[in-house]
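1. sequence and predicted structure below; questions after.
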Amino acid sequence: MPTVSVKWQKELFKAVEIDTSQSPYVFKCQLFDLTGVPPERQKIMVKGGLLKDDADWSTLGVKEGQKLMMMGTADEIVKAPEKGPVFVEDLPEEEQVVAVGHSAGLFNLGNTCYMNSTVQCLHSVPELKSALISYPQSSRSNNLDQSSHLLTVATRDLFSELDRNVRPVAPMQFWMVLRKKYPQFGQLNNGSFMQQDAEECWSQLLYTLSQSLKSPNSSEDLDAVKGLFGIELVSRVHCAESGEESSEMESVYSLKCHISHEVNHLHEGLKHGLKSELEKASPSLGRSAIYLKDSRINGLPRYLTIQFVRFFWKRESNQKAKILRKVDYPLELDIYDLCSDDLKKKLEAPRKTLRDEEGKKLGLKPSEKSSGTVDGDVKMSDAEGSSNGSGESSKAAPQESDKEMQLTGVYDLVAVLTHKGRSADSGHYVAWVKQESGKWIQYDDDNPIPQREEDITKLSGGGDWHMAYICMYKARGVPM
């Protein structure tokens, strides 16, 4: 068997035997033992080019004492781990939450799924958690009743407990204080607590927090909840019979999606919800008359809450009946055309910046088209503050950079509260919440279940399956 020398990098290996009865691959394995370079990475120069694994040695003309050149990178030496394997269940609870990628579920304490789903949706709002963390434990403002103070503390403590645990949490203290503040949630039927309306629980909890989370040290009496969820509406109230017309301003925490045989999509339902008919006294006619109220959004929220008006009172059965009609809703919602003319003007610059940023990604020139349309799949930054209708960021949320994030009228879906069943006072409520990682988790009481994003918009109704009752969207904005 001939022996050769092999030059690799700065090293020279002498008297390496070649067994010509074996394939060159065996020779490469010998070199692997010497150099640590795997056979598949070795490039060995021989007569005619590179040495192939299945070449015939007799045709290569390798001579005794010949010097071969090899190129290739050696594998890194595998070091023994400094620490042994650590299993998720062995980690502290806080680290388990990070590893699992979502917070804990909530035990059902007896028809409390309406409460659990509400808590899970609102718990997903980091700015609300921040406001609660700074809420004092013992002291309360003079104009805040004790039950509201206790409910705020219980909400803060429950949010904190959810963040610290992966195992289900029993919200006993929160439920007890909620029933004390709002006795309707403690109604009994044959000795058992009754199912309640999740939208009523959502509204009552937000109202309480809006009272308790006001800043007592500010002359403006800042309301953190209003800064996050408040929607400013301007309305034209007109009486066709008398010709009277007036303008009204109001702040609400949600928009209503009215459902009729004409409504197939959320956007259509929102338009219906912004128009209403009311009867009131007419000064000029001296009697009651019908007025038409047409509202427009005049100030955008940081988080847009939308209620699907699915329940109505059915006299025959003496209960809230449910509208099962399918109403589609998007992952991305643009409400520009629902805004007042004044707000539309203030949104023009942010929306143009948005289009220009997207155009740069596509290699296009800055856009000159109207602000009324924004490409559906444009990726925007999350707004860092809510708009107060003037195009400025709200003081309710802190800025993370020198540039303020301006809202564009475009929102991303971050939570869905669904109802399964035929009546608001029965059936089952579930929360579907988008995590910071972008993954969706279905919180079915104490059981968090990962879900695919494409399945979230399938909760649109049309049968007895889970259907959207409340949707929460998060504002997207651009730095300006």
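-> Ah, there it is.
2. please make it C-alpha for all contacts and neighbour counts, starting now.
-> Will do.
3. quick one: the helices in the chain?
-> Assigned by DSSP state H, the helices in the chain fall at 24-35, 93-100, 113-123, 126-133, 146-164, 172-181, 198-212, 224-229, 266-273, 341-361, 453-456.
4. for those, give me CSV that also has mean neighbour count, distance to His466 and mean pLDDT.
-> Shown next, in CSV, are those (neighbours: other Cα atoms under 10 Å; distance: least, Cα to Cα, whole Å; pLDDT from 0 to 100):
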stretch, mean neighbour count, distance to His466, mean pLDDT
helix 24-35, 17, 61, 84
helix 93-100, 16, 25, 52
helix 113-123, 25, 13, 97
helix 126-133, 17, 26, 94
helix 146-164, 21, 24, 95
helix 172-181, 18, 24, 96
helix 198-212, 19, 14, 95
helix 224-229, 24, 25, 94
helix 266-273, 20, 17, 96
helix 341-361, 18, 35, 88
helix 453-456, 14, 10, 94
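5. how about TSV for those helices, with distance to Asn318 added?
-> Below are these laid out as TSV (distance: least, Cα to Cα, whole Å):
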stretch	distance to Asn318
helix 24-35	83
helix 93-100	45
helix 113-123	21
helix 126-133	37
helix 146-164	32
helix 172-181	24
helix 198-212	19
helix 224-229	33
helix 266-273	25
helix 341-361	43
helix 453-456	33
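6. right, so of those, which gets closest to Cys239?
-> Set against Cys239 and scored by Cα to Cα, the helices of the chain come closest in helix 266-273, at 18.5 Å.
7. quick check: Gly363 vs Met480, distance?
-> Applying Cα to Cα, to the nearest Å, the value for Gly363 to Met480 is 21 Å.
8. looking at these two, which is more packed in?
-> More crowded of Gly363 and Met480, by other Cα atoms under 10 Å: Met480, with 12 against 9.
9. which residues touch that one?
-> 350, 403-406 (Cα atoms under 8 Å, 6 or more residues apart in numbering).
10. which two among those residues are spaced furthest apart?
-> Pro350 and Lys403 (12.5 Å).
11. residue with max distance from the center of this structure?
-> Glu64 (70.8 Å; Cα atoms, centre = their mean).
12. how about the nearest residue in space to that residue that is not next to it in sequence, what does it touch?
-> Spatial nearest neighbour of Glu64, excluding adjacent residues (Cα to Cα, 6 or more residues apart in numbering): Pro2 at 5.0 Å. By Cα under 8 Å, 6+ apart, Pro2 lies in contact with 17-19, 62-65.
13. quickly check these for the two that are furthest apart.
-> Taking Cα to Cα, the two most distant members of the contacts of Pro2 are Asp19 and Gly65; they sit 14.2 Å apart.
14. relative to Glu244, how far out is Pro283?
-> Taking Cα to Cα as the measure, Pro283 and Glu244 are separated by 9 Å.
15. and those two? Which one has more around it.
-> Legend: neighbour count by other Cα under 10 Å for Pro283 and Glu244, higher for Glu244 (14 against 11).
16. list the contacts of the closest residue to the more buried one other than its chain neighbours.
-> Distances taken as Cα to Cα, 6+ apart place His238 nearest to Glu244, at 5.8 Å, with adjacent residues excluded. His238 makes contact with 244-246, 291-293, according to Cα under 8 Å, 6+ apart.
17. re earlier: OK, contacts around the residue farthest from the centre of the chain?
-> 2-4.
18. could you dump the residues you listed to TSV with distance to Tyr182?
-> Listed next are the contacts of Glu64 as TSV, based on distance: Cα to Cα, whole Å:
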residue	distance to Tyr182
Pro2	94
Thr3	93
Val4	91
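19. since we're on the residue lying closest to Met249 once chain neighbours are set aside, how many residues are nearby?
-> Among residues not flanking Met249 along the chain, Val234 sits closest, at 4.7 Å (Cα to Cα, 6+ apart). Residues lying near Val234 (other Cα under 10 Å) number 18.
20. which strand residues bridge Val234?
-> Under DSSP bridges, the beta-bridge partners of Val234 are Met249, Arg296.
21. pretty sure it sits against Val252.
-> No: taking contacts as Cα atoms under 8 Å, Val234 lies outside contact range of Val252: 11.0 Å.
22. show me where the stretch 1-150 of the chain has strands.
-> 3-8, 11-17, 43-46, 49-50, 67-71 (DSSP state E, counting those that start in this stretch).
23. mind putting those in TSV, mean neighbour count, distance to Leu213 and mean pLDDT included?
-> Shown next, in TSV, are the strands of the stretch 1-150 of the chain (neighbours: other Cα under 10 Å; distance: least, Cα to Cα, whole Å; pLDDT from 0 to 100):
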stretch	mean neighbour count	distance to Leu213	mean pLDDT
strand 3-8	18	71	90
strand 11-17	14	72	89
strand 43-46	17	70	87
strand 49-50	12	75	84
strand 67-71	16	69	88
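24. now for these, which one comes closest to Arg164?
-> strand 67-71 (53.3 Å).
25. note down every partner strand of that closest one and its orientation.
-> When DSSP bridges is applied, strand 67-71 pairs with strand 3-8 (parallel), strand 43-46 (antiparallel).
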